[in-house]
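>>> Requesting a structural model of the entry that follows:
(one chain, ligands or ions: 1)
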Amino acid sequence: MLRRCGLGVVLSLVAAAAAVVAMWLVDWWGPRPGLRLFVPEELARYRGGPGDPGLYLALLGRVYDVSSGRRHYEPGAHYSGFAGRDASRAFVTGDFSEAGLVDDVTGLSSSEILILKNWISFYEKNYVFVGRLVGRFYGEDGLPTPELTQVEAMVAKGAEASEQQQREKGRFPPCNAEWSSAKGSRVWCSRKSGGVNRDWTGVPRKLYKPGAMEPHCVCVRTTGPSSDQQDNSRHLNRGDLDNPNLEEYPGCSPLAIECSFPP
Ligand code: HEM
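Numbering: from 1, shown residues only. Predicted structure coming up:
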């Protein structure tokens, strides 16, 4: 009898331990404790109108309390269309019609998706995160859907492309340019042209970017190693002048920092 009781206690303990582990696993994989899940119908009540329980909006399925920004989102305000729903697409397109205020972000490019991520950073910083919206981006279990995972991959791709663009801009900063009917056009380089602060001035060149229809004016470093061979001590000391995508401006001295083209 005693042995039977002992076995019962052991089995109960094992069952209890298994339950604790299961709960721990659910907690780990599942939604964060205290994380609130909304269904769209519920979120739709949060439009900041009289009698509404609050003023919330969702972006990529993340729900924020935006009541401190009431003047933007309350009924009748310029961005009231964002309230009580997930209108992620309109954050990129600026289409604030009912057809545009939707959460479907398919077909947007990775750089457009990156804009959404920037909006999320904005809401994280300025408003209070209150939960997740069950639907396109989070399942009923509160976990990310494959669609959200795909969106996140696009964000990473967009971020990488943007970093690459920044690097390219540091290497070939845009020129200053002006035009008048009387004087014609003028392009020139300075240590701040293109909004890129640097310790060199450079000389104007046409840059032909792969895929771009027209070249644009960039400033090119004229001394030191080329950007492709920074660590090479035996360089030609011509900076990036020999880059094959560059072309000199006709009639302009190759090392002039300014080129003028009278009408
Ligand atoms: C894709 C297009 C656009 C989107 C998604 C968008 C979205 C928003 C949002 C969500 C806010 C509120 C931010 C907050 O909570 O503090 C806001 C504010 C504002 N937006 Fe836009 N906007 C867009 C285009 C524009 C354009 C084209 C202009 C100007 C011509 C503009 C001018 C403003 C101004 C001035 C505010 C601040 C208003 C204030 O502080 O009272 N927006 N925008």
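
>>> Could you look up the SS state of F96?
coil (DSSP: H, G, I helix; E, B strand; the rest coil).

>>> ok, now which ones touch it?
By Cβ atoms under 8 Å, 6 or more residues apart in numbering, the contact set of F96 is 79, 81, 90. For glycine as for every other residue, the C-beta is placed from the backbone atoms N, C-alpha and C.

>>> What is the neighbour count of the nearest residue in space to R36 that is not next to it in sequence?
Nearest residue to R36, sequence neighbours excluded (Cβ to Cβ, 6 or more residues apart in numbering): G131, at 3.3 Å. Around G131 there are 22 other residues, counting by other Cβ atoms under 10 Å.

>>> for Y208, same thing?
Neighbour tally, Y208, other Cβ under 10 Å: 15.

>>> and G34, what pLDDT?
Per-residue pLDDT puts G34 at 67.

>>> need the residues of the chain near the ligand, please.
Contacts of the chain with the ligand, taken as Cβ under 6 Å from any ligand atom, map to 69, 72, 79, 91, 94.

>>> Now do the same contact list for the closest residue to P215 other than its chain neighbours.
Leaving out its chain neighbours, the residue that sits closest to P215 by Cβ to Cβ, 6+ apart is K206, at 3.8 Å. Going by Cβ under 8 Å, 6+ apart, K206 touches 215-218, 246-249.

>>> Give me the helices and strands touching the helix or strand harbouring R132, please.
Per DSSP states H and E, R132 falls inside strand 128-133. With contacts defined as 3 or more Cβ pairs under 8 Å, 6 or more residues apart in numbering; DSSP states H and E, the packing partners of strand 128-133 are strand 36-38, strand 62-65.

>>> Now tabulate these in a markdown table and tack on mean neighbour count and distance to S260.
Listed next are the helices and strands packed on strand 128-133 as a markdown table, based on neighbours: other Cβ atoms under 10 Å; distance: least, Cβ to Cβ, whole Å:
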| stretch | mean neighbour count | distance to S260 |
| --- | --- | --- |
| strand 36-38 | 18 | 62 |
| strand 62-65 | 21 | 53 |
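
>>> Run through this structure and note the low-pLDDT ranges.
For the chain, the stretches with pLDDT under 70 are 1-34, 230-233.

>>> In it, which residue sits closest to the ligand?
G94 (3.1 Å; Cβ to the nearest ligand atom).

>>> rewinding a little: just checking: what are the partner strands of the helix or strand containing the residue nearest to P215?
Taking DSSP H and E as the definition, K206 sits inside strand 203-207. With DSSP bridges as the test, strand 203-207 is paired with strand 216-220 (antiparallel), strand 246-247 (antiparallel).

>>> which one is the spatially most central residue of the chain nearest to, not counting chain neighbours?
Closest to where the C-alpha atoms of the chain average out (Cα atoms, centre = their mean) is L114, at 2.5 Å. With Cβ to Cβ, 6+ apart as the criterion, L114 has its nearest non-adjacent residue at 3.3 Å, and that residue is G158.

>>> Can you give me the buried ones in the helix or strand containing that neighbour?
Per DSSP H and E, G158 falls inside helix 146-171. Neighbour counts using 16 or more other Cβ atoms under 10 Å place 147-148, 151, 154-155, 158, 171 of helix 146-171 among the buried residues.

>>> could you give the angle of the strand holding K206 to helix 146-171?
Angle of strand 203-207 versus helix 146-171, following axes from the mean of the first three to the mean of the last three Cα atoms, to 10 degrees, is 140 degrees.
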